[in-house]
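Visitor: Dropping a prediction and its sequence here:
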Amino acid sequence: MNYRIGVDVGGTFTDFLLIDSHGNSSVFKTSSTPKDPSIGVLNGLREMADKLGLSLGEFVAKVELVVHGTTVTTNAVLTGRGVKTGLLTTAGFRDILEMRRGYREELYNNKLTPPPPLVPRDRRLPVNERINAAGEVVTPLDESSLRAAVEELKRQEVDAVAICFMHSYANPAHEQAAKRMVAEMLPGAYLTTSSELLPQARMYERVSTAALNSYVGPILRRYLDALLENLKGIGFEGVLLIMQSNGGVATPASTDERAVMTLLSGPASGPTAGITFAGVQGYDRCMTVDMGGTSFDAAVVQDGVPLLRSEGWINRQRLALPMLDIHTIGSGGGSIGWIDDGGLLRMGPQSAGADPGPACYGRGGTLPTCTDASLVLGYLDPEYFLGGRMKLDVKAARTAIDTHIAKPLGLTVEEAAAGMYHLVNVNMAAGLREITVSRGIDPREFPLVVAGGAGPIHGAMIALELDLPVILVPKESSIFCASGMLRSDFKHSYVRTYHALASKADARLMTQLLGELEREGRAVLHDEKVEDRDRVRVDYAADMRYLGQHNEITCSFDIIRFEADGMDYLRDALHREHDRLYGYSLAGTATEIEVVNLRVTVVGITAKPAMQFMERGDESAECCRKGTRQVYLAGERAFRDIPVYDGEAMVFGNIGSGPALIEQVTTTTLVSPEYDFVVDRAGTFCLFHKEIGHTYLRRVFE
């Protein structure tokens, strides 16, 4: 018997999905170990071995694949604890990292100050050189100024260096020369050159991305080295893959040089898992929400593909590499409730994390959290948390809420807990609106796939806020991202600037550049042992805009059609995408179109674990009823006895009516009075609004 494991290191728990060679799966959770996340990973492996009755060495010898999502780089940026980094840049552009091209997140807030730059000014050193946008050398590289700058970085004992010169995307010669000198004079430093990481126009985006990569690179390298060494020490000889922000996986060697691609490593596999479970019922679209201990992540999948973006922000720092379009807010089970200066209740973004955790964990935490509120409101069974392995302290939860929320606001503990619960739901609904309504997407047309250890308690309330008719809670929801990791492909994204008016663009040259990017990606896949051409897919896109626009639109296209029809085909692609996004296009007008960047994504198809389908069981869920419990119902603003079902025992075809609770070892699903539920053939708990019952049930059973 061989095994595959998906591992997602979260802020509170480290999640594992274990799948054997017959397709049977098991869910495991261990407490995260923030000081060294690899310890939490090894603890989980030991727990799996014990469950299987094997020694750790015997078990690990049977593990052929581990796919790992990590938050070490994310945490480094969020906490400002990256390594000591230096920056070499063109003379006269030393402060571009701090000027940020005038970006201000709150446009009308004149008091908003920019975040501290990742590299302070005394480590941002100018080098005399200049290349223009055509790639022509205007000022030759002054090796004496370069050497002096590197000497200064050496004196300051930097751990990493980023190199970003003007227009290096058009001609990387000066950056390559600087790279050689840095490697010679600072042999132990982590090194990033913008022309290799991000060969595209726009200086601020390039310098910020390069600085981010160097800022977190050594941290990721140390973590992966330690993880590989620990795995090797216990006998692991299988394959380790790392989850990337673009929704694909890569080997540790490929990830090492592009550490910045792991900044969304944890949540990036969620949309892949979401569409897998939604696809069981024939959906090619879905929304996914994942509420863990510290954060809430929301994403959208359309036409079977998670939405991507070519740039974004991480802790107010610009990142211009392809990533899944995931909206994250600080709203999790560990989110702390507090009263602001105006006397209003707030939830998060501060989190109790894994240590000390919510007050009810009994680990020394004294501040009230979302989990404490859920316990007081009856959604959690204090004797059955993690299947009974962890007892929750109801008295500690009530004391924390009473001290910090209820008494200051003149409320009962129950009223304060209900307010905390409601506020978290409103915050999460707003986050979901951000990636749907504000982008022209009607969320009512999408099933909501709810995941995370805390998510299913809140899913129905989020759905009611947005008037959503269908909610899907996979049986593996508590380890949702770990599940998605085992279903993710190798994926490598490349970009190169090609700036020209469509009327003057050279389609043959564009095809040549796309071919170069494709060959680069195929070479990486070859190193990752993806050698079968039938397992490789290549996706092409171009960043384009109407002349006079500031922002580009990324338009996917078919390379065969482009080779046949040339720029007319790309013009039509921009018109269609602009109309889809904004409701109009300038087709039929004389407005010129600009091509800005060319993009290629090379995908290596991995073997996916087969979905395990259930035999149909009893129609009524009453056979799985455990009893009743007093639970707070938000719509009625009162406690009521409602049925509690054993989610571990439920099978395909079980139907029940809300209000109800469905308890599993690692999560609990609240079915509000407005919804009924049914279990589909994949074991997913499907909540459907009572008004669409007969229509929806046909979909489940067809």
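Guide: Received, thanks. Numbers count the residues shown, from 1 in each chain.
Visitor: domains in the protein, as residue ranges please.
Guide: Residue ranges for the structural domains of the chain, counted by automatic domain parsing, are given in the record as 3-76+222-262, 80-216, 490-604.
Visitor: can you redo the ones you listed as a markdown table with mean pLDDT?
Guide: Listed next are these as a markdown table, based on pLDDT from 0 to 100:
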| stretch | mean pLDDT |
| --- | --- |
| domain 3-76+222-262 | 87 |
| domain 80-216 | 93 |
| domain 490-604 | 93 |
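Visitor: which stretch among those comes nearest residue 665?
Guide: The closest approach between residue 665 and any of the domains of the chain, judged by Cβ to Cβ, belongs to domain 3-76+222-262 at 7.1 Å. Glycine gets a C-beta too; all of them are placed from N, C-alpha and C.
Visitor: wait, what's in contact with residue 329?
Guide: With contact set as Cβ atoms under 8 Å, 6 or more residues apart in numbering, residue 329 has these partners: 295, 296, 348, 349, 427, 428, 431.
Visitor: mind listing the strands in the stretch 401-550 of the chain by residue range?
Guide: For the stretch 401-550 of the chain, strands defined by DSSP state E, counting those that start in this stretch occupy the ranges 448-451, 470-473, 490-501, 536-546.
Visitor: With mean neighbour count as new columns, can these be given to me in JSON lines?
Guide: JSON lines is the format used below for the strands of the stretch 401-550 of the chain (neighbours: other Cβ atoms under 10 Å):
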{"stretch": "strand 448-451", "mean neighbour count": "30"}
{"stretch": "strand 470-473", "mean neighbour count": "26"}
{"stretch": "strand 490-501", "mean neighbour count": "20"}
{"stretch": "strand 536-546", "mean neighbour count": "19"}
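Visitor: quick revisit: spell out which two among the contacts of residue 329 are the most distant pair, please.
Guide: Once Cβ to Cβ is applied, the contacts of residue 329 give 349 and 428 as the farthest pair, at 12.5 Å.
Visitor: Between these two, point out the one with more neighbours.
Guide: Each of residue 349 and residue 428 has its neighbours counted (other Cβ atoms under 10 Å); residue 428 has more, 24 against 17.
Visitor: That one and residue 289 touch, don't they?
Guide: Yes. The pair formed by residue 428 and residue 289 meets the contact definition of Cβ atoms under 8 Å, at 6.8 Å.
Visitor: Now do the shared contacts for these two.
Guide: Residues touching both residue 428 and residue 289 (Cβ under 8 Å, 6+ apart): 296, 298, 462.
Visitor: Give me the lowest-pLDDT entry from these.
Guide: In this model, the minimum pLDDT among the shared contacts of residue 428 and residue 289 belongs to residue 296 (83).
Visitor: Now do stretch 420-431, average pLDDT.
Guide: Confidence for stretch 420-431, expressed as mean pLDDT, is 92.
Visitor: buried ones in it?
Guide: 420, 421, 422, 423, 424, 425, 427, 428, 429, 430, 431 (16 or more other Cβ atoms under 10 Å).
Visitor: check contacts around the fifth one.
Guide: It stands for residue 424. 331, 335, 347, 348, 370, 373, 458.
Visitor: Now rank the residues you listed by neighbours and give me the top one.
Guide: With neighbours set by other Cβ under 10 Å, the maximum within the contacts of residue 424 is found at residue 373, which has 34 neighbours.
Visitor: For the shared contacts of residue 428 and residue 289, give me JSON lines that also has distance to residue 403 and neighbour count.
Guide: Output for the shared contacts of residue 428 and residue 289, formatted as JSON lines (distance: Cβ to Cβ, whole Å; neighbours: other Cβ atoms under 10 Å):
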{"residue": "296", "distance to residue 403": "26", "neighbour count": "29"}
{"residue": "298", "distance to residue 403": "32", "neighbour count": "27"}
{"residue": "462", "distance to residue 403": "29", "neighbour count": "28"}
